[in-house]
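Undergrad: My questions are about this predicted structure, shown below with the sequence.
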2 protein chains.
Amino acid sequence: MKLTDYKQPSVTVDIVIFSVIDNDLKVLLIERGVEPFKDKWAIPGGFVQMNESLDEAAQRELIEETGVKDVYLEQLYSFGEINRDPRGRVITISYFALVNADRVKLRASTDVKDVKWFSIKKLPILAFDHKKILDYALKRMKWKFEYTCVGFSLLPKKFKLSELQRLYETVFDKQFDKRNFIKKIHALDILKEEGIDESVPYRPPTLYSLKNNIKDIVEII
Amino acid sequence: MKLTDYKQPSVTVDIVIFSVIDNDLKVLLIERGVEPFKDKWAIPGGFVQMNESLDEAAQRELIEETGVKDVYLEQLYSFGEINRDPRGRVITISYFALVNADRVKLRASTDVKDVKWFSIKKLPILAFDHKKILDYALKRMKWKFEYTCVGFSLLPKKFKLSELQRLYETVFDKQFDKRNFIKKIHALDILKEEGIDESVPYRPPTLYSLKNNIKDIVEII
DNA sequence: CCAAAAGTGTTAGTGATACACCCATGT
DNA sequence: ACATGGGTGTATCACTAACACTTTTGG
């Protein structure tokens, strides 16, 4: 039995790209320029080429869309309902990424009318089954945020504790008690001091950085 | 741009099927009857057909291999390294299943020399990248076992607490304190009493069953 | 009365939560 | 002096972990 004895589905990767901009959790969407779902918003993605692994395909799509690499990128789930794409049988392997929006240069590519960051609170109607994918991504992203150190990839190398707390408050859309938050972070013993930021017009805050490469290793309970 | 403009990879599903037999955690493997990896042991799986979703394909493979359905089945992860299959580009969507071995009738199918339960502690060398898939499945299965109620699908409808504890001790390969274990289970408030088993030659134990349909909803801890 | 498994409480330690004020700086 | 954000401690509660003996039944 040879591989070619089977009719084969197409395989795509779709990337849910998150960022935090102006204390608001955002997701990157593209406006489709072609059918199906022309003029509708969708999660960026594309076909997996024969000479690249799934992770490489996701990485490539991410770079095409945002110009950034070396960001947090994680496979989510594969969606393969028979009729999820009106063009035919398409299986998609979804990913999510966390990017620091400062580094991103949005570029509309072929077949794309527009590219925009959308607040997670004001999403348009999405093409295909992309709402389902986005919901799933959001759930998993929050989980990862809560239980690992992935969130630090959205901060500059050196940051103050209040920035870290604001980031978490944005993602979870709720307030935390300052003392308890700091206590918890310190208890994890994952930060090292990096001096003091003297450039502010108020009491200078201590800067911190993550201890070497524990980004997604240490579980934050 | 049409779907057929792309050369397409093949897509398979592979199912890591777990069971607990004689207080030992087992996984179901098949001995391949054809190249590649002829005579090597592998995780059961097969090509996704054009008229079935991924979940349906996994379900079908599971039934073909074991004859059981209505068991716990969950998608794990998709593996798509370029050279993971010597026949060509094959992407596999892996699943894991928990089956009660009492209900299973093993059936060698075409291209399969043998089918056997292997103790997780004495695994043979596996074909393809199946070792990686199995390791991943094991990790996820244990996680699910610890934090949800999936484990109950390996027990009969009515069971005694000592059976439940023995199951957990088998899966995690360590002993738990009886009083603390029971206390924890009771605190979850997921069991209802189902009378007493009078048929034993020692003090008759209370039987319990899971409250309706909370199998994988309630998080344990 | 013996074997086998069922059943049952208390204590100490650890982590989570709730809560309010003073400090250092620039203007 | 004031505005801005930085920094700090304590008390209570809930959960976890460690630990051993008595009970019920059949043979």
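TA: Thanks, I have it.
Undergrad: what residues does chain A put near DNA strand C?
TA: A:177-180, A:183-184, A:187, A:198, A:200-204, A:221 (CB under 7 Å from any atom of the strand). For the C-beta atoms, the positions are set from N, CA and C on the backbone; glycine is no exception.
Undergrad: out of those residues, what pair is the most spread apart?
TA: Across the residues of chain A next to DNA strand C, no pair lies farther apart than A:Pro201 and A:Ile221, at 35.7 Å, counting by CB to CB.
Undergrad: Tell me which of the two has more neighbours.
TA: Legend: neighbour count by other CB atoms under 10 Å in any protein chain shown for A:Pro201 and A:Ile221, higher for A:Ile221 (8 against 5).
Undergrad: re the thing from before, which ones among the residues of chain A next to DNA strand C lie within helices?
TA: Secondary structure of the residues of chain A next to DNA strand C is defined by DSSP state H; positions in helices are A:178-180, A:183-184, A:187.
Undergrad: just curious, which of the residues you listed is nearest to DNA strand D?
TA: Using CB to the nearest atom of the strand, A:Arg179 comes nearest to DNA strand D of these, at 3.2 Å.
Undergrad: what about that closest one, distance to chain B?
TA: As judged by CB to the nearest CB, to the nearest Å, A:Arg179 and chain B stand 26 Å apart.
Undergrad: same check, this time on A:Glu65
TA: Distance, A:Glu65 to chain B, using CB to the nearest CB: 17 Å.
Undergrad: which stretch of helix or strand covers that residue?
TA: Secondary-structure assignment from DSSP states H and E places A:Glu65 in helix A:54-66.
Undergrad: just checking, what packs against that helix?
TA: Here helix A:54-66 touches strand A:10-20, strand A:25-32, strand A:45-47, strand A:72-79, strand A:90-98, going by 3 or more CB pairs under 8 Å, 6 or more residues apart in numbering or on different chains; DSSP states H and E.
Undergrad: Tell me the buried residues in it?
TA: Within helix A:54-66, the residues that count as buried by 16 or more other CB atoms under 10 Å in any protein chain shown are A:54-62, A:65-66.
Undergrad: residues from chain A in reach of chain B?
TA: Selection of chain A residues close to chain B by CB under 8 Å from any CB of the partner chain yields A:1-3, A:6-11, A:34, A:47-55, A:57, A:75, A:77-82, A:87-91, A:93, A:111.
Undergrad: buried subset of the residues you listed?
TA: A:6, A:8-11, A:47-49, A:52-55, A:57, A:75, A:77-82, A:89-91, A:93.
Undergrad: Please list all residues in contact with the most centrally placed residue in chain A.
TA: Centroid-nearest residue in chain A, with CA atoms, centre = their mean: A:Ala97, separated by 2.8 Å. A:Ala97 makes contact with A:15-18, A:58, A:62, A:71-74 under the criterion CB atoms under 8 Å, 6 or more residues apart in numbering or on different chains.
Undergrad: so what's it bridging to?
TA: Beta-bridge pairing for A:Ala97 (DSSP bridges): A:Ile17, A:Leu73.
Undergrad: From chain B, how far out is it?
TA: A:Ala97 is 17 Å from chain B, by CB to the nearest CB.
Undergrad: same check, this time on A:Lys144
TA: 14 Å.
Undergrad: can you check A:Lys139 too?
TA: 14 Å.
Undergrad: Show residues contacting the biggest helix by length in chain A.
TA: Ranked by residue count, the top helix of chain A under DSSP H comes out as helix A:130-147. Here helix A:130-147 makes contact (CB under 8 Å, 6+ apart) with A:14, A:16, A:18, A:27, A:42-43, A:74, A:76-77, A:79, A:92, A:94, A:96, A:98, A:120, A:123, A:125-126, A:150-151, A:168, A:171-172, A:216, A:219-221.
Undergrad: Show me how to select, in PyMOL, the buried members of those.
TA: Of the contacts of helix A:130-147, the buried ones can be selected in PyMOL as follows, counting by 16+ other CB under 10 Å:
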select buried, chain A and resi 14+16+18+27+42+43+74+76+77+79+92+94+96+98+120+126+150+151+168+171+216+220
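Undergrad: Just the buried ones from the ones in helices among the residues of chain A next to DNA strand C?
TA: In these, nothing passes as buried (16+ other CB under 10 Å).
Undergrad: and those near DNA strand D, which?
TA: Among those, the ones lying near DNA strand D by CB under 7 Å from any atom of the strand are A:178-180, A:183.
Undergrad: Just send these back as CSV, with distance to A:Lys142 and pLDDT too.
TA: Putting these into CSV (distance: CB to CB, whole Å; pLDDT from 0 to 100) gives the following:
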residue, distance to A:Lys142, pLDDT
A:Lys178, 21, 96
A:Arg179, 23, 97
A:Asn180, 19, 97
A:Lys183, 22, 95
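Undergrad: With respect to chain B, which of the residues you listed is nearest?
TA: The shortest gap between chain B and any of those belongs to A:Asn180, at 20.9 Å (CB to the nearest CB).
Undergrad: Could I get the pLDDT score of A:Lys7?
TA: Note on A:Lys7: pLDDT of 78.
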